[in-house]
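Undergrad: Test case, fold it:
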Amino acid sequence: GGNGGKGGDIVFEAVQGLNTLIDFRYSQHFKAKRGGHGMGRDRTGAGAPDLVIKVPVGTQVISDEDGETVLADFTEVGQRVTFLEGGMGGRGNASYKTSTNRAPRQHQPGEPGEELWVWLRLKLLADVGLLGMPNAGKSTFINAVSNARAKVGHYAFTTLVPKLGVVHHKGREFVLADIPGLIEGAADGAGIGDRFLGHIERCRVLIHLVDISGEDPAAAMRVVEEELEAYGEGLDEKPHLVVLNKIDLADEELVAGFAEEMMAAGADQVFAVSGATGQGISELLDAVLAYLPDRTATETKGAEVEDVDQDDEGSNWSPI
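TA: Model prediction:
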């Protein structure tokens, strides 16, 4: 018979429409198909198709050896990287035919395929990051300004996984990422928000929501700012828009007083909004657009962001 066919390669590809790595919770071992056997009349076996593993844009492939080395960083839709090549097919007995041996029986087995273990880490490619302490009203806010469908509740950590929403404002659009609430000590592992700070590393600007109905809004602002500084990776150096939220629960004098306290605590400017009524949101979005490029990711032809189903949430979910 003829030679054997080549085994399939294993390829990672960044695709649109995926926002989480949730599928890899249930499927973690991938194996490409082997090539076809050589056939009679000196016919070579068919090569196996490549196994394409689809990942969200923003996925990093991390080496299993040290858990740190980035082997590939997928930042564009359609980006493909071949990680493992299929083994070459074996030599069939027809290749051993000579003038004196017309029916050889010897053959050479094909090469074994390669094997590799890797970690996947997702850093969402959002233009704007939304952060704050639990119950700051982030879910209500992202629901009000975008197409997201975040869960809203009167208890801490209503949001368990990051949410993405596309915001349309004055003929422009951008992607807004809402991460779970931060608490004091988050950078050192307290709560759940620290697991998702990596998602806002790529954001151009951060919106920091502060609950005006909280016990001490200025202190709450400082807690989050200190956690960003402790986390590092340049988060504390990104443009921050500090926002007093839930102003529908306070009078104008109280809002002005808290704004002064927060500016005294380090805020350059304080916006006042209500995610519930929409008050002040247009002015805030105007300020956000000033920090964004003329063309954001979703304004590029073919780009698309789909909602993350609320049922995908789970306390065991991890971005890596």
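Undergrad: got the contact list for the closest residue to E114 other than its chain neighbours?
TA: Leaving aside its sequence neighbours, E114 sits nearest to L84 (C-beta to C-beta, 6 or more residues apart in numbering; 4.3 Å). Yep, even glycine has a C-beta here, placed from its N, CA and C like the rest. By C-beta atoms under 8 Å, 6 or more residues apart in numbering, L84 lies in contact with D9, I10, A32, G113, E114, E115, L116.
Undergrad: May I ask which helix or strand of this protein has the lowest mean pLDDT?
TA: strand 163-169 (a mean of 85; mean pLDDT, DSSP states H and E).
Undergrad: And that one, what's buried?
TA: By neighbour count on 16 or more other C-beta atoms under 10 Å, the buried set for strand 163-169 is K163, L164, G165, V166, V167, H169.
Undergrad: Check the offset of it from the chain's centre.
TA: Offset of strand 163-169 from its chain centre (C-alpha atoms, centre = their mean, to the nearest Å): 15 Å.
Undergrad: Which elements pack onto that strand?
TA: On a contact count with 3 or more C-beta pairs under 8 Å, 6 or more residues apart in numbering; DSSP states H and E, strand 163-169 meets helix 138-145, strand 172-178, helix 281-289.
Undergrad: Nearest to L235, out of these?
TA: Closest to L235 of the helices and strands packed on strand 163-169 is strand 172-178 (C-beta to C-beta; 13.0 Å).
Undergrad: Touching the following helix or strand past that closest one from outside, list them.
TA: Sequence order places strand 205-211 as the next helix or strand after strand 172-178, per DSSP states H and E. Taking contacts as C-beta under 8 Å, 6+ apart, the residues outside strand 205-211 that touch it are 127-133, 135-138, 141, 176, 200, 217, 220-221, 224-225, 235, 238-246, 262, 284, 288, 291-292.
Undergrad: Pairing partners for strand 205-211, with directions?
TA: Paired strands of strand 205-211, with direction, are strand 128-131 (parallel), strand 240-245 (parallel) (DSSP bridges).
Undergrad: wait, which of those strands is closest to A46?
TA: Using C-beta to C-beta, these put strand 128-131 closest to A46, at 48.3 Å.
Undergrad: Just the C-alpha atoms of the closest one, please, in CSV.
TA: This file holds the C-alpha atoms of strand 128-131, laid out as CSV (Å, rounded to 0.1, in the frame of the first residue of the first chain):
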residue,chain,number,x,y,z
VAL,A,128,-14.1,51.0,29.4
GLY,A,129,-14.0,49.2,32.7
LEU,A,130,-16.7,49.6,35.4
LEU,A,131,-15.6,49.0,39.0
